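Colleague: need a 3D model of the following:
(chains A and B)
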Amino acid sequence: MLELSGVTAGYGETQVLHGVDLVVREGQFHAILGRNGAGKTTTLKTIMGLVPAKGGEIRFAGDSIAGREPYRIATLGIAYVPETRDVFGALTVEENLHLAARIGVGRAGGWSIEKVLAIFPNLAERMDNGGNQLSGGEQQMLSIGRALLMNPSLMILDEPTEGLAPIIVRQIFDKLMELKQAGLTLLLVEQNFHFALNLADEVSVFGRGQCIWTGTPDALRMDEDLHKRWIGV
Amino acid sequence: MPGGADFWITQFLNGLQFSMLLFLLSIGLTVIFGLLHFVNLAHGALYMLGAYVGVSAAAHLGGYWSALVLGPLAVMAIGIVLYLTLIKRMRRAGPMNQVLVTFGLIFVIVDIVRILWGDVALGLAEPASLSGPIQIFGVSYPAYRVFVTAVGLVVMIALSVVLNRTQIGAMIRAGVENDAMAACLGINVERLFFLVFCVGCALAGLAGVIAVPLFSATPGMGTDILIPTLIVVVIGGLGSLNGAILGSLIVGFIQTFGAVVTPGLASVLVYVLLAAVLITKPAGLLPARG
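Modeller: Predicted structure coming up:
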């Protein structure tokens, strides 16, 4: 479904990605782990076209997408839940959802605003509130709900648990597990080791702007050297 | 100091009318600023072009009403040409380059106007139906100035409905707040910008046409209005409709009342206010990005 080979990218003169290779198969829940500065977030931004790929190849569902504009990549079926959530504060919750539903209409996936509100009932009570009035957890739910409404074939999430209370983290975990079981392809960047390993089918470990290792969660749990060198748990 | 209720009501109506003219100019400028961080100093020159095209349209075609239709359309067409040839390339060139290029455009446009229309003030008669005075709030006031105010109010209400009640309005507000995330929801922000730019140019042209019966068309009119328009944008807050409304009213009333209450200080007052806003609320009074 998604394949990165030898992708290099960075900000201005600073190169952050030094040849990233990554394969996400259809229906897979793929998690990326690694320390701060390993290039995880930049990899997601490069997939979305927000950071231009300087070299290498990015293929999504057979198309080469490197160098395409972010709105085209989104329209092809990749939904992005950024680390900063990026809920539109000047728009109501309802408007945030409607914007995302605009391109989701007519795509396979079957998500509608009613269905999103059914899995995130908190949002139903907040429909007329501005995005800037939501709590951190509600913003995360809105950001995920918005991504679902695009009816994507691949959803990528950047640290969805960051800064959230454990009870909210648990809720997000359950929802992601439901999405996984429903067969959605997911790519997750996480610092929360157990959260990621309990969800993922396959894990990639990033370090120094490259993918160092890829394997199953169980294989990663066994490999203490890998932990110490690249993850630090 | 002159007194009497009639006098103050007249000044109030003048202030409102000048505010509406400023609003028509500043709304296009502020949304272009806000949506794609593009600094278009040539906005005032487009206003002047609207005025001159209007004068010619009225002379050769069918009087004021043909000017009112053709002025905005012509300026929009000129805006499209500018967009495709210059502005699109300058999108990521940074504010300093944008300021220099659009500042240069002012001189180019002013000289083109001098060549085509000459260096004299040209007039445009208001339509006969609006030429007389009407009674409003108990004072006799030129009907044409009421018409100018009404045009501004109609545009204000229409833009407010589009921006706050329609999907395209939500897309524009989302793009102003966070263009990268808007794009990640599949919104073509570049095309949205083009659309907004066209509407902004048309409104500058409209303001140019309706200003001619009040002030005449002169090659300096664009630069004269640019400064108060920029002040409106900065005071109101970049990218915000409500900011443009509030900023226009503040600047329009301060300039109008300043001129009659303290003529010596009038030109300074607006700058004092600008400085005060920049010190206390650097993002403007009602910025689009909370």
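Colleague: what segments of chain A are helices?
Modeller: A:40-48, A:70-76, A:93-104, A:113-119, A:121-124, A:136-149, A:166-181, A:193-199, A:217-222, A:224-226 (DSSP state H).
Colleague: possible to save those helices as CSV with distance to residue B:51 and mean pLDDT?
Modeller: Quick note: C-beta positions are derived from backbone N, CA and C, even for glycine. Below are those laid out as CSV (distance: least, Cβ to Cβ, whole Å; pLDDT from 0 to 100):
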stretch, distance to residue B:51, mean pLDDT
helix A:40-48, 45, 96
helix A:70-76, 37, 96
helix A:93-104, 38, 93
helix A:113-119, 48, 94
helix A:121-124, 50, 93
helix A:136-149, 45, 95
helix A:166-181, 58, 94
helix A:193-199, 63, 93
helix A:217-222, 70, 90
helix A:224-226, 71, 84
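Colleague: dump the residue contacts of the closest residue to residue A:175 other than its chain neighbours.
Modeller: Spatial nearest neighbour of residue A:175, chain neighbours left out: residue A:119 (6.0 Å); criterion: Cβ to Cβ, 6 or more residues apart in numbering or on different chains. Shown in contact with residue A:119 (Cβ atoms under 8 Å, 6 or more residues apart in numbering or on different chains): A:145, A:175, A:178.
Colleague: selecting buried members of the residues you listed in ChimeraX, what would you type?
Modeller: To isolate the buried members of these in ChimeraX, using 16 or more other Cβ atoms under 10 Å in any protein chain shown:
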select /A:145,175
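Colleague: for the helix or strand hosting residue B:46, name the packing helices and strands.
Modeller: In the assignment (DSSP states H and E), residue B:46 maps to helix B:43-57. Applying 3 or more Cβ pairs under 8 Å, 6 or more residues apart in numbering or on different chains; DSSP states H and E, we find helix B:43-57 packed against helix B:5-36, helix B:63-82, helix B:95-117, helix B:189-215, helix B:221-236.
Colleague: average model confidence for the longest one?
Modeller: Meaning helix B:5-36. Mean per-residue pLDDT for helix B:5-36: 90.
Colleague: cool, and stretch A:155-162?
Modeller: 95.
Colleague: apart from its neighbours in sequence, what residue is nearest the most centrally placed residue in chain A?
Modeller: Per Cα atoms, centre = their mean, the C-alpha nearest to the average position across chain A is that of residue A:157, at 1.7 Å. Of all residues beyond its chain neighbours, the one nearest residue A:157 is residue A:81 (4.3 Å), with distances taken as Cβ to Cβ, 6+ apart.
Colleague: swap in residue A:229?
Modeller: Among residues not flanking residue A:229 along the chain, residue A:207 sits closest, at 7.6 Å (Cβ to Cβ, 6+ apart).
Colleague: start and end of stretch A:69-89, how far apart?
Modeller: 24 Å (Cα to Cα, to the nearest Å).
Colleague: how is chain A divided into domains?
Modeller: Chain A is divided into the following domains under automatic domain parsing: A:1-77+A:166-233, A:88-152.
Colleague: quick one, what contacts residue 88?
Modeller: Since no chain was named, I'll use chain A. Counted by Cβ under 8 Å, 6+ apart, residue A:88 has contacts A:95-96, A:99, A:131, B:173-174, B:177-178, B:181-182.
Colleague: mind doing that once more with 10 Å?
Modeller: A:95-96, A:99, A:130-132, A:142, A:146, B:170, B:173-178, B:181-182, B:185 (Cβ atoms under 10 Å, 6 or more residues apart in numbering or on different chains).
Colleague: now do residue A:70
Modeller: So residue A:70 contacts A:45, A:47-51, A:78, A:80, B:179-189 (Cβ under 10 Å, 6+ apart).
Colleague: cool, residue B:200 as well?
Modeller: B:24-33, B:35, B:40, B:43, B:46, B:75-76, B:79.
Colleague: what do you get for residue B:69?
Modeller: Taking Cβ under 10 Å, 6+ apart as the test, what residue B:69 contacts is B:54, B:57, B:61-62, B:206, B:209.
Colleague: and the pLDDT at it?
Modeller: Confidence score, pLDDT, at residue B:69: 96.
Colleague: may I see the buried residues of stretch A:58-73?
Modeller: Within stretch A:58-73, the residues that count as buried by 16+ other Cβ under 10 Å are A:58, A:60, A:65-66, A:68, A:70-71, A:73.
Colleague: mind checking what helix or strand follows the helix or strand containing residue B:246 in sequence?
Modeller: Counting by DSSP H and E, the element that carries residue B:246 is helix B:241-261. Per DSSP H and E, helix B:241-261 leads on to helix B:266-280 as the next helix or strand towards the C-terminus.
Colleague: against residue A:187, how distant is the residue nearest to residue A:157?
Modeller: Residue A:81 sits 10 Å away from residue A:187, going by Cβ to Cβ, to the nearest Å.
Colleague: just the buried residues of stretch A:58-73 now: which is nearest residue B:261?
Modeller: Taking Cβ to Cβ as the measure, residue B:261 sits nearest to residue A:71 out of the buried residues of stretch A:58-73, at 51.7 Å.
Colleague: residue B:186 is in contact with the closest one, correct?
Modeller: Yes: under the criterion of Cβ atoms under 10 Å, residue A:71 makes contact with residue B:186 at 5.4 Å.
Colleague: between these two, which contacts overlap?
Modeller: Residues within reach of residue A:71 and of residue B:186 at once, by Cβ under 10 Å, 6+ apart, are residue A:103.
Colleague: tell me the spacing between residue A:52 and chain B.
Modeller: Shown here: residue A:52 relative to chain B, a distance of 12 Å by Cβ to the nearest Cβ, to the nearest Å.
Colleague: what residues does residue B:143 make contact with?
Modeller: Per Cβ under 10 Å, 6+ apart, neighbours of residue B:143: B:126-127, B:129-136.
Colleague: same thing with residue B:191?
Modeller: residue A:71.
Colleague: can you check the pLDDT for it?
Modeller: pLDDT for residue B:191: 92.
Colleague: quick one: it from residue B:124, how far?
Modeller: Taken as Cβ to Cβ, the span from residue B:191 to residue B:124 is 35 Å.
Colleague: and residue A:2, by the same measure?
Modeller: From residue A:2 to residue B:124 the distance is 61 Å (Cβ to Cβ).
Colleague: show me which of the two is the more surrounded one.
Modeller: Between residue A:2 and residue B:124, counting by other Cβ atoms under 10 Å in any protein chain shown, residue B:124 is the more crowded of the two (25 against 22).
Colleague: ok, the residue in the stretch 1-150 of chain B positioned nearest to chain A - contacts?
Modeller: Among the residues of the stretch 1-150 of chain B, residue B:34 lies nearest to chain A; the distance is 10.7 Å by Cβ to the nearest Cβ. Residues in contact with residue B:34 (Cβ under 10 Å, 6+ apart) are B:172-173, B:175-177, B:179, B:196, B:233, B:237-241, B:243-244, B:287-289.
Colleague: do that again at 7 Å, thanks
Modeller: B:176, B:238-240, B:288 (Cβ atoms under 7 Å, 6 or more residues apart in numbering or on different chains).
Colleague: near chain A, which of those show up?
Modeller: The overlap between these and the neighbours of chain A (Cβ under 7 Å from any Cβ of the partner chain) comes to residue B:288.
Colleague: brilliant, that's me finished.
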